[in-house]
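# Provide a 3D model corresponding to the input given below.
(2 chains)
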Amino acid sequence: MAEPKAPKLAGDKLAFLLSLVPYLMDQGRVTVAEAAAHFGVPQEQLREAVRLISVSGVPGETATYQHGDLFDIAWDDFEVRDEIVLTHNVAIDESPRFSGREAAALIAGLNYLAALPEHADSAAGSALMSKLARGASASPTQLAVEVSQTNATLALIRESVAAGVQLQFDYLNARGGRETRRVDPLRIDAVDADWYLRGWCHSREALRTFRLDHISNATVTTDAIVRRADDVLLSDRLFEASSDDLVVTIEVAPGALPLLAEYEPELAAPSPAAPSPTEPTEPTSRVRVIVRVSHFHGLKRLAASMNGTVTVLSPPQARQTVKDWADAALSRYTVL
Amino acid sequence: MAATVQKIPAEERLFSLVLALLATDGGLTKREILSTVQGYRQRYTVAGDNASLERQFERDKDDLRELGIPLETIDSPGDPGNNQNLRYLIPRGSYELPADIRFTPQETTLLGLAALVWREGSLSADARRALLKLRSLGITATEPLLGYAPRLSLRDAAFTPLNAALEKHLLVAFEYLKPGETAARARLVAPLALFQHQGRWHLFAEEPDSKLTKTFLLRRIVSAVTVTSTPFPAPPPGQGERAIAELDTVWNANLATVEVEAGSDAAARLGTRRGSTVTANGELELHYADANILADELAGFGPEIAVISPSALRDAVIARLQRTAADHG
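Coordinates of the predicted model:
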């Protein structure tokens, strides 16, 4: 888990205050450390919020914020023992409702995750969604997401994690080859319609990411795992950068740039000497970016699927890989 | 006095406003709020001009509504329409989570994952605040056996303004490049739902004049989205499901037949797709919603596939491959 970040906006801070008060009322007595961990915020942010709550309240009958109109806390417990006890409450009795957008985000998220084994009971899932809708202050905004399909491999991965043993499978790599891998499963990542296994690969002695739909013949072994999820820090980046990475310059239509986000493109310095492969009739001005890849095989698929929008400029070997890919595909049609 | 006008942080002013409006039964007038509530009263002058403070109050009201806090107004019975006598309040019943809505540790875990799905893009703030409210209930989530990191990417710039217009029921205007056409056309529509189908975000919308519903691919909205100030009546719930069902009808009706190299990336991805079937002679039949989008995707698989039918799809893939070969020659 990354270091929790402090919310920046006043709206976020307000939502935090309105959520913290009912929690503190419910807890009776709680340490700053425990409350901060529960909300996933830094301890100092929690102390600041408690200090603000303790001087806040309602104008009251006199409209001058008299003592009884304000929240109060047990100051000795707070200052000496770093513990929070609310001794006087005003105005707030319960947790706030979800907003229409918040409820919609959670409902659509649940829909997306409906294929998870944890979600197997679909009646419980729809009961949860209707609870969210009833718990919102406005009807949820109309946001819908399809169930992300997954496959039987997920069940085997769970089985191997439960037993604390390694998983063995055949893997179709990006170059089109197949090899047998042995892995300590660490985490399942899902990005849109694609599912990935993050694991410690014994065959490579390194962290690796595997596409679930490229795994076949998976078996749960009897060999104990060596690494656990707690031992390893996994970033959101599915594929870690390496110093061996190849640097490729590509030209892309500006509107399509966000579609390359996973390649983390950097703007390239303009080089007038570079070849200009696009038709001069192309009216849109294009952007030159640099991407780092471990091989050209993913790039050839990308360039072919975004033809007219993405063109590989250099190195020549990368351009040739794309050209060969397209020529090989075209040769399949000449006999038809 | 003049020297001690302390700076009250925005969150303290907003928090005090919520507390004051929750505590009142009959509502507070704007003057009462500005002259008594912490964060406003320090800047209020009894006889003077409070125009900038009033503007502050207007912005704060918007901020509270943006957070889903139900801020309501009551017209003065004796003097309807007079803004000065309008009374503001937050009705407790609309603000508080009903007591029967509580979540189990397992449900809390699932909702935590559902919020995590949105950590990228414009819904991340909504998801983060939903989590705060969930944690407010004090339930500790169960630690799942196997960790999950699910994520929906929101890379389409159109998503944020469309989602805002959806919530406020306002017409939107944008330029749309229809698949298969070369020039974009201006559109003015009532947004009914945003939905993701086969990994792509779509807008389901109604044309105000013809009342016809249309589905737009967010990736093909080529201009900035303008949210107009023209409202339309809120549609009944279930528009997203209706949109997915409509697109599924199109998707089911369109069938492509392709040859796929066994054991390839294309076989792994296309073969596991919903509704894909293998024919007796080893060819793959797959459904699609839009031939141009499928052609892009199939071109990416290179020699791993060859399109057999329909012929328009075959021609579209060949044209794309020729373009790629020419661009990289």
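# Please enumerate the strands of chain B.
Here chain B has its strands, by DSSP state E, at B:28-29, B:72-74, B:87-89, B:147-151, B:170-176, B:185-197, B:200-206, B:213-217, B:226-231, B:255-260, B:277-278, B:284-287, B:305-309.
# Pick the most deeply packed of the ones you listed.
Most buried of these, by mean neighbour count (mean count of other CB atoms under 10 Å in any protein chain shown): strand B:200-206, with a mean of 23. C-betas here are computed from N, CA, C, even on glycine.
# quick one, what contacts the closest residue to chain B within chain A?
Closest residue of chain A to chain B, CB to the nearest CB: residue A:99 (2.1 Å). Shown in contact with residue A:99 (CB atoms under 8 Å, 6 or more residues apart in numbering or on different chains): A:136-138, B:67-69, B:126, B:129-130.
# Try it again at 7 Å.
A:136-138, B:67-68 (CB atoms under 7 Å, 6 or more residues apart in numbering or on different chains).
# Residue B:301: which of these is nearest?
residue A:136 (43.1 Å; CB to CB).
# Leaving out the residues flanking it, which one is nearest to the closest one?
Using CB to CB, 6 or more residues apart in numbering or on different chains and skipping residues adjacent in sequence, the residue nearest residue A:136 is residue A:103, 3.8 Å away.
# Who are the contact partners of that neighbour?
Residues counted as contacts of residue A:103 (CB under 7 Å, 6+ apart) are A:132-133, A:135-136, A:140.
# which ones among these are found in strands?
Judged by DSSP E, strands contain none of those.
# now, which of the residues you listed lie within helices?
A:132-133 (DSSP state H).
# Can you tell me which of the contacts of residue A:103 is nearest residue B:252?
Residue B:252 has its nearest neighbour among the contacts of residue A:103 in residue A:140, at 27.7 Å by CB to CB.
# Show the model's pLDDT score for the residue nearest to residue B:43 when sequence neighbours are not counted.
In this structure, residue B:43 finds its nearest non-sequential neighbour in residue B:53, 5.3 Å apart by CB to CB, 6+ apart. pLDDT, residue B:53: 94.
# burial of residue B:53, as a residue count?
21 (other CB atoms under 10 Å in any protein chain shown).
# what sits against it?
Neighbours of residue B:53 in contact, by CB under 7 Å, 6+ apart: B:34, B:40, B:43-44.
# From chain A, how far off is it?
Between residue B:53 and chain A the computed distance is 16 Å (CB to the nearest CB, to the nearest Å).
# Go ahead and flag the most central residue of chain B.
residue B:163 (3.9 Å; CA atoms, centre = their mean).
# where do the helices sit along chain B?
B:10-23, B:30-36, B:51-66, B:92-95, B:105-116, B:124-136, B:159-168, B:239-253, B:265-271, B:291-300, B:311-327.
# one step back: which one among the contacts of residue A:103 sits at the bottom for pLDDT?
Confidence-wise, residue A:140 trails the rest of the contacts of residue A:103, at 84.
# May I ask you to confirm that that residue is in contact with residue A:100?
Yes. Between residue A:140 and residue A:100 there is a contact under CB atoms under 7 Å: 5.2 Å.
# Okay, the residue of chain A closest to chain B and residue A:185: tell me how far apart.
Distance of residue A:99 to residue A:185, computed by CB to CB, to the nearest Å: 37 Å.
# Got the confidence number for the closest residue to residue B:132 other than its chain neighbours?
Distances taken as CB to CB, 6+ apart put residue A:19 closest to residue B:132, at 4.3 Å, once the chain neighbours are dropped. As predicted, residue A:19 sits at a pLDDT of 97.
# do the same with residue B:42
pLDDT, read off for residue B:42, is 92.
# before we move on, what about the one 3 residues further on?
Reported pLDDT at residue B:45 in the predicted model: 91.
# For the stretch 151-300 of chain B, what lies in contact range of chain A?
B:151-153, B:155, B:163, B:166-167, B:192-199, B:222, B:237, B:239-241, B:243-244, B:263-265, B:268-269, B:272, B:274, B:296-297, B:299-300 (CB under 7 Å from any CB of the partner chain).
# how many other residues sit next to the residue of the stretch 1-150 of chain B found nearest chain A?
Of all residues in the stretch 1-150 of chain B, residue B:68 sits closest to chain A, at 2.1 Å by CB to the nearest CB. Residue B:68 has 24 neighbours, counted by other CB under 10 Å.
# ok, and the closest non-adjacent residue to it?
Going by CB to CB, 6+ apart, residue B:68 has residue A:99 as its nearest residue, at 2.1 Å.
# likewise residue B:96?
Leaving aside its sequence neighbours, residue B:96 sits nearest to residue A:94 (CB to CB, 6+ apart; 3.8 Å).
# what's around the residue nearest to residue A:286 when sequence neighbours are not counted, how many residues?
Leaving out its chain neighbours, the residue that sits closest to residue A:286 by CB to CB, 6+ apart is residue A:251, at 4.8 Å. Neighbours of residue A:251 under the rule other CB under 10 Å: 19.
# ditto for residue A:179
11.
# isn't there a strand covering it?
Yes. Judged by DSSP: H, G, I helix; E, B strand; the rest coil, residue A:179 forms part of a strand.
# who's it bridged to?
residue A:171 (DSSP bridges).
# I'd like the distance between it and residue A:45.
Using CB to CB, we find residue A:179 at a distance of 48 Å from residue A:45.
# which residues of the stretch 201-336 of chain A score low on pLDDT?
A:241, A:269-284, A:335-336 (pLDDT under 70).
# near chain B, which residues of it show up?
So the stretch 201-336 of chain A meets chain B at A:213-214, A:229, A:255, A:258-259, A:261, A:277-278, A:300-308, A:311-312, A:319, A:322-323, A:325-330, A:332-333 (CB under 7 Å from any CB).
# Among those residues, which lie within helices?
Using DSSP H, these in helices are A:300-305, A:319, A:322-323, A:325-330.
# from these, which would you call buried?
Buried members of these, scored by 16 or more other CB atoms under 10 Å in any protein chain shown, are A:300-305, A:319, A:322-323, A:325-327, A:329-330.
# got those residues as JSON lines, with distance to residue A:69 columns?
Shown next, in JSON lines, are those (distance: CB to CB, whole Å):
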{"residue": "A:300", "distance to residue A:69": "70"}
{"residue": "A:301", "distance to residue A:69": "66"}
{"residue": "A:302", "distance to residue A:69": "63"}
{"residue": "A:303", "distance to residue A:69": "67"}
{"residue": "A:304", "distance to residue A:69": "69"}
{"residue": "A:305", "distance to residue A:69": "64"}
{"residue": "A:319", "distance to residue A:69": "73"}
{"residue": "A:322", "distance to residue A:69": "71"}
{"residue": "A:323", "distance to residue A:69": "76"}
{"residue": "A:325", "distance to residue A:69": "73"}
{"residue": "A:326", "distance to residue A:69": "75"}
{"residue": "A:327", "distance to residue A:69": "80"}
{"residue": "A:329", "distance to residue A:69": "75"}
{"residue": "A:330", "distance to residue A:69": "79"}
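# which of the residues you listed lies closest to residue B:20?
residue A:302 (56.1 Å).
# just checking, residue A:61 is part of a helix?
No. Under three-state DSSP, residue A:61 sits outside any helix and is assigned coil.
# quick revisit: and the contacts of residue B:53, which two are the farthest apart?
The largest separation in the contacts of residue B:53, counting by CB to CB, is between B:34 and B:43 at 8.3 Å.
# which residues of the stretch 51-200 of chain B score low on pLDDT?
The model of the stretch 51-200 of chain B has pLDDT under 70 over residues B:180.
# where along chain A do the strands fall?
A:30-31, A:72-73, A:83-84, A:86-88, A:143-145, A:165-172, A:178-191, A:194-201, A:206-211, A:215-224, A:246-252, A:266-267, A:287-293, A:310-314.
# and the second one, anywhere near chain B?
Right, strand A:72-73. No. Between strand A:72-73 and chain B, judged by CB under 7 Å from any CB, nothing touches; the nearest distance is 14.0 Å.
# Touching that strand from outside, list them.
By CB under 7 Å, 6+ apart, strand A:72-73 touches A:50, A:54, A:84-88.
# hmm, try it at 6 Å
A:54, A:86-88 (CB atoms under 6 Å, 6 or more residues apart in numbering or on different chains).
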